[in-house]
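S.K.: Prediction below, plus the sequence it came from.
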Amino acid sequence: MASHAADTHADPHVVSTIQHHFESADQQKDASTIGMWVFLVTEVMFFGGMFLAYFVYRQAYPAAFASASNNTSLLIGAANTTVLICSSLTMALAVRSAAVGKKNLIVLFLILTLLLGGTFLGVKAYEYHDKWVRHEVPGHNFDCRDESGKACIDAGHTPLFFALYFGMTGLHATHMIVGVGIILFLISQARKGAYGPAWHTPVELFGLYWHFVDIVWIFLFPLLYLIDRSAVPK
Amino acid sequence: MITATPPVETKKNYLNQTEGLKSWLLTHDHKRIAILYLLGLIFFFAIGGVFAALIRLELATPAGDLVESNTYNKLFTMHGIIMVFLFLVPSIPAMLGNFLIPLMIGAKDVAFPRVNLLSWYIYVVGGLFVLVALLMGGVDTGWTFYTPFSSSYSNGYVVATGLGVLIGGFSSILTGLNFIVTIHRMRAPGLTWFRLPLFVWAHYATSMLQVLGTPVIAVTLFLLVLERGLHIGFFDPAYGGDPVLFQHMFWFYSHPAVYIMILPSMGVVTEIVTTFSWKKPFGYTFIAFSSIAIAVFGFIVWGHHLFVSGQSAYAGMVFSILSYVVAIPSAIKVFNWTATMYKGSVRATAPMLYALGFIGLFTIGGLTGLFLASLGMDVHLTDSYFVIAHFHYVMVGGAIMGFMGGIHLWWPKIFGRMYSEAWARVAAIIIFIGFNLTFFPQFILGYMGMPRRYHVYPPEFQVLNVLSSAGASILGLGYLIPVCYLVWSLKYGPVAPPNPWGATGLEWQTSSPPPTENFEVTPVVTQEAYTYTSEEVVHVG
Amino acid sequence: MANHAGHAGPHVVPKRLYFAVFFALVVLTWVTTFVSTLDLGRWNIFVALAIAIFKASLVVLFFMHVWYSTRLTKMIVMASLFWLMLLLFLTMADIWTRTWMGVPGR
C-alpha cells in the first residue's frame, strides 16, 4: 500500500512537538482543537455584530436594500460562491491526505485551495473596483443608479446597504487574506514532510478556520446578492 | 512585627530562574506574564486615578472654575475608558487568574503560553493607542462612545481611542480562551470539576463572558472607526442609521463586561472567606452554578442601559424583569459567604477585611442596581449621580476590594514575602472609610437630581459634593499606602512559608514563590476542595 | 482511503462523503440563486436563509468533522449559535416592538 512508504518519513516530529506543559500528544492536540473552536466562537460573535446591523437596516429599508442589492452581479456572486466551496473541498481533502499520510497530495490540495482562494479574492477585487467606478462606495461621490441610469429606489438609504456590503465582505476578505498567508506557510511545511498521520494538527485547525470563512460567505451571498431578484416591478 | 531578613534564599523559583529583561519580555511562564500584567495595571490605575482626582477637585465647587467643560468631558471619558478597559477588565483575570489557575489545577502552565504572552503585548499596544490619543488631546464622548456624537461631531481622537479599546479587547478574548481550554483539559489527575476551587469556577464563567461578549464590542468599535474614518455611515441618522443600534451593540458587551469585572472578584472573596473562616464554603455547588448563572443571565439584560433611549417599552419591560432575575445568583453568593463565616473561626486579617468590605459594599451596590432596573425609577435616576454611585459601589467597593484582598492573600505566594499586617489593616480601613465618604453622598445627589457628566451644578448640591471630594482624597491615600508597604516587603518582609495562612488549595502545596514548573511532582487530588481539619490553626502576624 | 486502524487518530472521512457534500453545496448554491429570481413575496428571505443554514450545517458537520467530534465540541458549536441568536433576536425585540405602543397624547 502506498501509505506505508509515506508513513515512514512523514512523522519526524512525533516526540518533539509535545510542548513541555502538556502530559501527552493527545492532550496537546485535544487542547489545540478546543482552542481553535473557542476562537471560532469569537469569530461568530464578531461577524454576528455586522449581521445584526444588516438585519436591523434591511427590515427598516427593504426597498433600498433590494434596489441596491440588484446592482451586484448575480452571476459573479454565484460563481464566486462556487469557487469558495471548491476551496473548502480541497481544504478538507488536504486534511484527509495528511491523515492518511499522502505527502504529495497534501501539498497539491493546499496549492489548489490557495489558487481557489486567490481567485475568489481576485474576483472580489474586480467587484470592488466596479463599485468604485459606479459611485457605489459611500462617501462624497456616492450615487446609486441601476443599469439604465435611473436612481435606486429609496436612494437616500442605499448607503447603508453599501456600508454593510463593504464592511462585511471586506472583513470576510481580510480573513481570507490572512488565510492565504497561513496556507503559504502550511505548503512550505508540508513540502518538508512535516505533516503525517500522527501529527497534522496545524493543517486540521487551519481547515476549521477556512471552513468557517466559507460558512460566513454562505450567508453573505444570499443576504447581499439575492434580495428581491425577481423581475416583478414593485 | 517586621524583622530583618537573612540573605536571600538561593532556591530557584520563577522570579530568579533566569535573569535579564529579555527573559521577562519573552517569557512563556504564566507567573511572569501575570507580573507583567501587574505592572501595566498599576500604571493605568494611577493614570485613571489622576483623572478621578481632577474630577473631584473640579466638583468641589459648583462653578466650572478648574477646567472648561470640554476638558471636563475629556477627564471623565478618559477616566472611564482607562479604568474599565485597561484596569478593571484585565485586573483579576490577567493577573491573579493567570498566576493562580495553573497552580490551582496542578498544571505546569496554561494551555497556550505563547498566546498568553501575546495577550499581554496586545494589552500593551491597546493601552499605547489610548495613551497616545490621550496625549494628543483625548476623547470627550464618555466611555460609552454614543453616536452620532462620537461618529460625527466629536472633536476628540475617537478613532485612536476606539482602536485602542478594540485592540485591548483581543487581549481579554485571548485570556478567556486560554482559561477555558486550560480548565477543561489541564486539570491534575483526580481533580474533577466539583473539586475545583471556586476561584476557578468564577474564572471559567468570566472566560465565557470574555469570549462571547468582547467580539461584539470589537466589531461595534470597528464600525464606529469605519464611520468616522471613512465616512461609511452605519449609525448616521442622515442615511437612516439608528444611534440606538449602536447602543444595543455597545451594551451587548458592556453589560456582560461588568460581570467580567465582578465575577473574578467574587471568586477571590470565596477563597478569602473560606481561608479566614477556617471552613469549607457553604453551598459549594450553589456558588459554582451561580457563577455560571450570572454569566448566562448577564447576557440578556443589556437593555436596561437603554430604558430612556427610545427603545420600545415592551423590550424595556422584558429587560427590566430579567435584570431583577440576574440579581438572584449574586444574592445567593452573599448568603453563602455569610453562612460560611457563621460558626467559622474568623480571623480579621487584611484580606478578610477587604472581603468583608466587599460583601457589604457589593450588597449596597447590587441593591441600588435594582432601583435602576425598575423602569419607572430609572426614568428619574438615569444619567444622574445615583448611577455613578451604584456602579462605583460594585466596581470599586466590590471588584477593586476583591482585587486588593486577593493581592494580599496571595502576595506571600507570588513574591515569597510577608507584608506588614498592621499597615495592611490600616490601609483597608482607610480605603473603606474613604470609599464610603466619596460615594455614599452621590446616591443622595443623584436622587436629588444632580446629573452626571456636568462640571457645574446648582449650589445646593455643594455640601455633598465637598464630602465626596474629601472622601476621594482619603481613598487616594488609602490606595497609596499598600504600594508602600508591599514594595517594602519585597526586600525587607519576612520570608514566606509555602502556606502562611493554613489554606487549602494546590497553590499552597508548592513553595513560595513557586518554581517555574510550579510543582516538583504533578499533584494527584484525592480529596474534596476546602477540606479544613481542626488540628492545625495557623496564627498570623 | 482506508482508515489507519493502528493509530489512535481521528476518524478519516471517506472521500465519497466529501464529494457528496461538495456536490450538494454547489447544487444548493445554484438553487438558491435561481429561487431568488422567483417572486415568493415575503418567503424569499426564509427560503434563502433555510438553504444557507442547510449548507452551513453540511460544512460544519462534515467538512469540520463535528458529526464525529466530542460532546464538548458539539456544545461549543451550539453555544455559539445560541449566543448569536440572543444577539440578533433580543435586539430585534426592541426594533419590532417600537411601534406597538403609541406616543402618549397623540
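M.R.: Cool, the structure landed.

S.K.: Surely B:P441 is in contact with B:F461?
M.R.: No. Here B:P441 does not reach B:F461: they are 9.4 Å apart, not a contact under Cβ atoms under 8 Å. Backbone N, C-alpha and C define where each C-beta goes, glycine included.

S.K.: what about these two, which has more around it?
M.R.: With neighbours defined as other Cβ atoms under 10 Å in any protein chain shown, B:P441 and B:F461 compare such that B:P441 has more, 22 against 19.

S.K.: Mind checking the pLDDT average for the helix or strand hosting the more buried one?
M.R.: Per DSSP states H and E, B:P441 falls inside helix B:421-448. Computed over helix B:421-448, the mean pLDDT rounds to 98.

S.K.: quick one, helices of chain A?
M.R.: For chain A, the helices defined by DSSP state H cover A:2-10, A:25-60, A:62-69, A:74-100, A:103-133, A:158-191, A:201-225.

S.K.: Could you export those as JSON lines, including mean pLDDT and distance to C:V13?
M.R.: Shown next, in JSON lines, are those (pLDDT from 0 to 100; distance: least, Cβ to Cβ, whole Å):
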{"stretch": "helix A:2-10", "mean pLDDT": "39", "distance to C:V13": "16"}
{"stretch": "helix A:25-60", "mean pLDDT": "95", "distance to C:V13": "16"}
{"stretch": "helix A:62-69", "mean pLDDT": "93", "distance to C:V13": "36"}
{"stretch": "helix A:74-100", "mean pLDDT": "96", "distance to C:V13": "6"}
{"stretch": "helix A:103-133", "mean pLDDT": "96", "distance to C:V13": "14"}
{"stretch": "helix A:158-191", "mean pLDDT": "96", "distance to C:V13": "19"}
{"stretch": "helix A:201-225", "mean pLDDT": "97", "distance to C:V13": "12"}
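
S.K.: need those helices in TSV with mean neighbour count and distance to C:V47, can you?
M.R.: Output for those, formatted as TSV (neighbours: other Cβ atoms under 10 Å in any protein chain shown; distance: least, Cβ to Cβ, whole Å):
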stretch	mean neighbour count	distance to C:V47
helix A:2-10	14	44
helix A:25-60	21	16
helix A:62-69	22	15
helix A:74-100	23	16
helix A:103-133	18	25
helix A:158-191	20	21
helix A:201-225	23	9
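
S.K.: How is chain C divided into domains?
M.R.: C:1-64, C:70-98 (automatic domain parsing).

S.K.: Averaging pLDDT over each of those, report the lowest-scoring one.
M.R.: Averaging pLDDT over each of the domains of chain C puts domain C:1-64 lowest, since it has a mean of 86.

S.K.: now that domain, how far from the chain's geometric center?
M.R.: How far domain C:1-64 lies from its chain's middle: 9 Å, per Cα atoms, centre = their mean, to the nearest Å.

S.K.: close to chain A, is stretch B:307-321?
M.R.: No. Shown here: stretch B:307-321 not in contact with chain A (Cβ under 8 Å from any Cβ of the partner chain), separated by at least 12.8 Å.

S.K.: what residues does that stretch touch?
M.R.: Residues from elsewhere that reach stretch B:307-321 (Cβ atoms under 8 Å, 6 or more residues apart in numbering or on different chains): B:244, B:247, B:300-304, B:306, B:373-375, B:378-379, B:382-383, C:90, C:93-98, C:100-101.

S.K.: What subset of these is buried?
M.R.: Buried subset of the contacts of stretch B:307-321 (neighbour count, 16 or more other Cβ atoms under 10 Å in any protein chain shown): B:244, B:247, B:300-304, B:306, B:373-375, B:378, B:382, C:90, C:93-95, C:97.

S.K.: Kindly reformat the helices of chain A as TSV containing distance to B:L209.
M.R.: Formatted as TSV, these follow (distance: least, Cβ to Cβ, whole Å):
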stretch	distance to B:L209
helix A:2-10	42
helix A:25-60	11
helix A:62-69	33
helix A:74-100	32
helix A:103-133	34
helix A:158-191	23
helix A:201-225	22
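
S.K.: in stretch B:417-432, what's buried?
M.R.: Quick answer for stretch B:417-432 (16+ other Cβ under 10 Å): B:417-421, B:423-428, B:430-432.

S.K.: Looking at these, spot the one nearest chain A.
M.R.: Chain A has its nearest neighbour among the buried residues of stretch B:417-432 in B:R417, at 26.8 Å by Cβ to the nearest Cβ.

S.K.: so where's the longest helix in chain C?
M.R.: Secondary structure of chain C read by DSSP H shows that its longest helix is helix C:71-97.

S.K.: That one vs helix A:25-60, what angle?
M.R.: Per axes from the mean of the first three to the mean of the last three Cα atoms, to 10 degrees, the angle that helix C:71-97 makes with helix A:25-60 is 10 degrees.

S.K.: can you give me the angle helix C:71-97 makes with helix A:201-225?
M.R.: For helix C:71-97 against helix A:201-225, the angle by the same axes, to 10 degrees is 20 degrees.

S.K.: Just list what helix C:71-97 packs against, helices and strands only.
M.R.: Counting contacts by 3 or more Cβ pairs under 8 Å, 6 or more residues apart in numbering or on different chains; DSSP states H and E, helix C:71-97 is packed against helix A:25-60, helix B:198-230, helix B:243-277, helix B:313-341.

S.K.: and of these, who's closest to B:S473?
M.R.: Using Cβ to Cβ as the measure, helix B:243-277 is the one of those that comes nearest B:S473, at 24.6 Å.
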